[in-house]
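Asker: Kindly return the folded structure for what I paste below:
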Amino acid sequence: QLGEAVLRTAAAAATGLAVGTAAGTLTAFAFSQSRAIRRAFYPYAVLLQTVPIIAIAPVVIVTLGRGFISVALVAAILSLFPIITNTTTGLLQVSTDLQDLFRLNHATRWQTLIHLRVPAALPYLLSGIRISSGSAIVGAIVGEFFVGSGTPGLGALIQRKSASLVLSELYAVVLISTLLGTLSFGGISVAGEFVLRRWFGMSLSEARR
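Answerer: A predicted model of the protein is given here:
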């Protein structure tokens, strides 16, 4: 039962994180290309961080139903903000000298984005994904909690153990949830360091200096 719940929550969190990473990166691309778009829509990105997830989850579940997609979407919403902000920062913090060099060589906006801004923003994107990994786990557990105790997942398991007042089992589920978040954060950190050392020959902390 516990193993199935862990796998279910991990799958929902991973799906949500993947969707959040794709949506957040595309949003950051748009923000980096237009100051008008950034000024118009960035406040809505901030809104995602300020609205409590306990208020978002019921709305998503009532709208889409009590299923895996709803739980994954809650995880995606919670993981969006760090990816948008970090990636946008990385895309905009490009040396003016390098931008001038690309202009002198008549590079198009697309070429500048792909060959200059994206490599510069990669450490920031990886840092955003690392932060969002924990948020995705939290979002999946909260989503499962609202979906109901009749479905698999750590959130539903927490709900069942809370109702039965079996504290030892409840503590075990909470501990497993914490370990899952820690492993997710650590795994993505190691993967990010590997990518940066392979491509750039530096660590994540060195790349962001």
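
Asker: these two touch, right, residue 78 and residue 138?
Answerer: Yes. Counting by Cβ atoms under 8 Å, residue 78 does reach residue 138; the two are 6.4 Å apart. (Each C-beta comes from the backbone N, C-alpha and C, glycine too.)

Asker: Compare those two (neighbour count), which wins?
Answerer: Taking other Cβ atoms under 10 Å, residue 78 and residue 138 do not tie; residue 78 has more neighbours (28 against 18).

Asker: Need the three-state assignment for that one.
Answerer: Assigned with DSSP: H, G, I helix; E, B strand; the rest coil, residue 78 falls in the helix class.

Asker: Contact partners for the nearest residue to it once chain neighbours are set aside?
Answerer: The spatially closest residue to residue 78, leaving aside those adjacent along the chain, is residue 139, at 3.5 Å (Cβ to Cβ, 6 or more residues apart in numbering). Residue 139 makes contact with 13, 16, 53, 57, 74, 75, 76, 77, 78, 79 under the criterion Cβ atoms under 8 Å, 6 or more residues apart in numbering.

Asker: can you tell me how far residue 139 sits from residue 14?
Answerer: Residue 139 sits 12 Å away from residue 14, going by Cβ to Cβ, to the nearest Å.

Asker: before we move on, what about residue 56?
Answerer: Distance of residue 56 to residue 14, given as Cβ to Cβ: 19 Å.

Asker: Next: residue 84.
Answerer: Taken as Cβ to Cβ, the span from residue 84 to residue 14 is 19 Å.

Asker: Just the pLDDT at the residue in the chain sticking out farthest from the centre, thanks.
Answerer: What lies farthest from the middle of the chain is residue 104; by Cα atoms, centre = their mean that is 36.7 Å. For residue 104, the pLDDT comes out at 84.

Asker: Backbone dihedrals for residue 158, both of them.
Answerer: phi -60, psi -40 (degrees, to the nearest 10).

Asker: residue contacts, it?
Answerer: Contact analysis of residue 158 by Cβ under 8 Å, 6+ apart lists 141, 145, 170, 173, 174, 177.

Asker: swap in residue 80?
Answerer: 20, 23, 24, 27, 45, 48, 132.

Asker: how about low-confidence regions in this structure?
Answerer: Low-confidence segments of the chain, defined by pLDDT under 70: 148-151, 200-209.
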